[in-house]
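K.L.:
have a look; sequence and predicted model below, questions after that.
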2 protein chains.
Amino acid sequence: MAHSPLIKQLIDSFTCLPGVGNKSAQRMAYYLLERDRNGARQISHALTQAMEKVGHCSSCRILTEYELCDICQSLKRDRQVLCVVETPSDVYAIEQSGSYRGTYFVLMGHLSPLDGIGPQQLHLDILKSRIKNEAIKELILATNATVEGEATAHYIVEMLKPYATTITRIAHGVPIGGELEYIDGSTLGHAFNGRQKFS
Amino acid sequence: MAHSPLIKQLIDSFTCLPGVGNKSAQRMAYYLLERDRNGARQISHALTQAMEKVGHCSSCRILTEYELCDICQSLKRDRQVLCVVETPSDVYAIEQSGSYRGTYFVLMGHLSPLDGIGPQQLHLDILKSRIKNEAIKELILATNATVEGEATAHYIVEMLKPYATTITRIAHGVPIGGELEYIDGSTLGHAFNGRQKFS
C-alpha cells in the first residue's frame, strides 16, 4: 500500500530538511495531519513569508528581511573592529559568548573551488570595499579551524594586504575544560605554537 | 543578538514538529534560507495542500484525500476479514510484512479517558455499523501490546459481543530472532500462555 498522493508529496518534501530521512519525514507528516494541523499551517505560512522576504544584510551579508541587520544598525557596536565568520550560526555563537562588541562580515560559506564557490560567491568584493571605505582598525578572521576555513582566511589576508588594516586570527588551542590527554595532536601543536606569556 | 522576526517565526514554527527542538529548528531554518529555498517552497505548498484536502477514509478512517482509501477501494482485498489498528503507521507496517490481505479499521489513537479520548473520538460507531452491515467473518484486534492498547481491545470485544463475528487478537510472544535471556518476563508469560501444538 502506498501513501495517498498528497501525503506522499508532503513526506517527500520533508526529506529535503537537514537530518530528516524517510522515516522521520513520515512521522512528521502523520503527526501534523493527525494532531497539529494548526502548527502545519503556521509552518507553511512562516516558510512562504521567510522565503519571500528574507535576504542578506547589505553590510554584513547575514540573513535578514531588513536592508541592514540588527547588529549593523546598532549604535552600541564598535565599528572599528570587523570579524569575518562563515555562517550566521557562527555569529549567534559569538554573540552568546558575549566576548565581542564589534561588527561582522558573514561569508555564508567558505572557498570551495570544486563546488564552484569562489571569491564572488562569498561576496569578498563587499568585504574589500568595507575595508577600503570604513575606518576599520582590526579585521579578525574567525573562519572555522578546518582546511577550508584556513584557506579562506589565507585568501582574505592576501586580498587585503594592500590596505593598512591589522588582520588577526582567533586563537586555536586547548578548549576550556579540555583534558590534554584527549586533545588531538594538531590542536596541541597549535596550543604550543600559540603560547603566550603568563601574566 | 536576536534572529530577525521572520527567521524567529520560522524557527518557532519548526519546533512544533515531533523530535525537533530549538537547535534543530534553527539548523533547518538556516539550511533552507541559505541553500534550498525551492525545497522550502515545496514544503510550504505540500503542507497547505495536505492540510486542506487530506481527511479520513469514510470506511476505515485512515488518512487520505479521497472518499475511500486505496485499500478500501481495492478489489483484491478480502472483505470478510477486518483488522483494527491504532494508527496509519501500523497499517504500513502490516502491509510491508505482506502477511495480511483483508481490510482495516484505523482508530487513530486508543482509549484514553484522561485525555478526553473515548469511544466517540475513536469513531467506534463506524466500526460497529460495519460489523452490523458488512459480511465480516473475522475481526482481528491488532492494537498495541500496551496497557492502553489492551484496554481498547477489551472495550471493542465488549461492544461487539452481541454480533456474531469471530473476534481474534494478534499473538504476543517472543519476537523472531529474539533470544530468551533478553526477553522481559511479561512477554515470556504471554509466549507460554499462547503456546501452540508443534505441527
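P.N.:
The structure has been received and is ready for your questions.
K.L.:
which stretches of chain A form helices?
P.N.:
A:5-14, A:22-35, A:37-53, A:70-73, A:88-97, A:124-133, A:147-160, A:185-193 (DSSP state H).
K.L.:
relative to the whole chain's centre, how far out is the last one?
P.N.:
Pointing back at helix A:185-193 there. 25 Å (Cα atoms, centre = their mean, to the nearest Å).
K.L.:
contacts for that helix?
P.N.:
Residues from elsewhere that reach helix A:185-193 (Cβ atoms under 8 Å, 6 or more residues apart in numbering or on different chains): A:His172, A:Gly173, A:Val174, A:Leu180, A:Ile183. All C-beta spots, glycine's among them, are computed from the backbone N, C-alpha and C.
K.L.:
got a quick PyMOL command for the buried subset of these?
P.N.:
In PyMOL, this line selects whichever of the contacts of helix A:185-193 come out buried by 16 or more other Cβ atoms under 10 Å in any protein chain shown:
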select buried, chain A and resi 173
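K.L.:
which one of the contacts of helix A:185-193 is nearest A:Thr166?
P.N.:
Nearest to A:Thr166 among the contacts of helix A:185-193: A:His172, at 18.6 Å, using Cβ to Cβ.
K.L.:
identify the residue spatially nearest to that closest one, adjacent ones excluded.
P.N.:
Beyond its immediate neighbours in the sequence, the residue positioned closest to A:His172 (Cβ to Cβ, 6 or more residues apart in numbering or on different chains) is A:His190, lying 4.1 Å away.
K.L.:
the contacts of helix A:185-193: which two are farthest apart?
P.N.:
A:His172 and A:Leu180, at 15.0 Å, using Cβ to Cβ across the contacts of helix A:185-193.
K.L.:
still on that earlier bit, okay if I get the contacts of helix A:185-193 as CSV plus pLDDT?
P.N.:
Listed next are the contacts of helix A:185-193 as CSV, based on pLDDT from 0 to 100:
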residue, pLDDT
A:His172, 88
A:Gly173, 87
A:Val174, 85
A:Leu180, 83
A:Ile183, 85
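K.L.:
specify which member of the contacts of helix A:185-193 is nearest to B:Val106.
P.N.:
Nearest to B:Val106 among these is A:Ile183, at 54.2 Å by Cβ to Cβ.
K.L.:
surely that closest one meets A:Val174?
P.N.:
Yes. Judged on Cβ atoms under 8 Å, A:Ile183 makes contact with A:Val174 at a distance of 5.5 Å.
K.L.:
which regions of chain A sit below the pLDDT cut-off?
P.N.:
A:1 (pLDDT under 70).
K.L.:
A:Glu34: neighbouring residues, count only.
P.N.:
15 (other Cβ atoms under 10 Å in any protein chain shown).
K.L.:
how many residues are close by A:Lys8?
P.N.:
A:Lys8 has 15 nearby residues by other Cβ under 10 Å.
K.L.:
am I right that it is in contact with A:Thr15?
P.N.:
No. At 11.1 Å, A:Lys8 does not count as touching A:Thr15 under the criterion of Cβ under 8 Å.
K.L.:
tell me how far A:Phe14 lies from B:Asp125.
P.N.:
Distance, A:Phe14 to B:Asp125, by Cβ to Cβ, to the nearest Å: 34 Å.
K.L.:
who has more neighbours out of these two?
P.N.:
Neighbours per residue (other Cβ under 10 Å) separate A:Phe14 from B:Asp125, with A:Phe14 holding more: 25 against 11.
K.L.:
now the more buried one, nearest residue through space, not along the chain?
P.N.:
A:Ala25 (3.7 Å).
K.L.:
residue contacts, the one you found?
P.N.:
Per Cβ under 8 Å, 6+ apart, neighbours of A:Ala25: A:Ile11, A:Asp12, A:Phe14, A:Thr15, A:Leu17.
K.L.:
now the residue sitting nearest the centre point of chain A: how far from chain B?
P.N.:
The residue lying closest to the centre of chain A (Cα atoms, centre = their mean) is A:Thr87, at 0.9 Å. Distance, A:Thr87 to chain B, by Cβ to the nearest Cβ, to the nearest Å: 7 Å.
K.L.:
repeat that for A:Ser24.
P.N.:
In terms of Cβ to the nearest Cβ, A:Ser24 sits 7 Å off from chain B.
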